[in-house]
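Peer 1: Build me a structure from this.
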Amino acid sequence: MATDVQQACFEAGIKFGALYHQFAGTPVSPASAASLETAIEESIENQPFCEDVTVDILTGELDTTHGYTELTGEYMEVELVVAYEGREAVAEMAMRDGYPLMELVRVE
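Peer 2: Okay, the predicted model is just below:
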């Protein structure tokens, strides 16, 4: 059986998997970025044990040669907070060495 800390970390991973694979490929432009950030945050916050999600779409980085581009990890910074049985896991996603790395920041 998993400990409460392990379960909180597992839940954080589940949230990131859903977030990335549900929204990667979504058309985005600087004009639509704010509403897409809100949609992602509210969608993931619906999941059990999710306390908070903050999505920052890096509009200055978007390649909008054709007016929009597809959302990928290179255009997002994300922080999420999961609470499980008195334990809290905070995780972030940001580009590291050309890859959208999702990692635990702290577990309390």
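Peer 1: which residues touch stretch 44-56?
Peer 2: With contacts defined as C-beta atoms under 8 Å, 6 or more residues apart in numbering, stretch 44-56 is touched by 8, 11, 14-15, 18-19, 36-37, 40-41, 76-84, 88. Where C-beta positions appear, they are placed from N, C-alpha and C, glycine not excepted.
Peer 1: What helix or strand is the spatially most central residue of the chain located in?
Peer 2: Among the residues of the chain, the one closest to the centroid is residue 78, at 4.2 Å (C-alpha atoms, centre = their mean). Per DSSP states H and E: residue 78 is located in strand 76-84.
Peer 1: Next, the buried residues of the following helix or strand past that strand.
Peer 2: Using DSSP H and E, the helix or strand that follows strand 76-84 in sequence is strand 87-96. Buried residues in strand 87-96, counted by 16 or more other C-beta atoms under 10 Å: 87, 88, 89, 90, 91, 92, 93, 94, 95.
Peer 1: next SSE after strand 87-96?
Peer 2: Taking DSSP H and E, what comes next after strand 87-96 is strand 99-107.
Peer 1: Give the pairing partners of that following strand; include direction for each.
Peer 2: The pairing partners recorded for strand 99-107 under DSSP bridges are strand 87-96 (antiparallel).
Peer 1: any weak-confidence spans in this structure?
Peer 2: In the prediction, the chain carries no residues with pLDDT under 70.
Peer 1: can you list the residues that contact the longest helix along it?
Peer 2: Longest helix in the chain, counting residues (DSSP state H): helix 4-23. For helix 4-23, contacts defined as C-beta under 8 Å, 6+ apart pick out 2, 36, 40, 43-44, 47-50, 53, 55, 71, 73, 78, 80, 82-91, 93, 100, 102, 104, 107.
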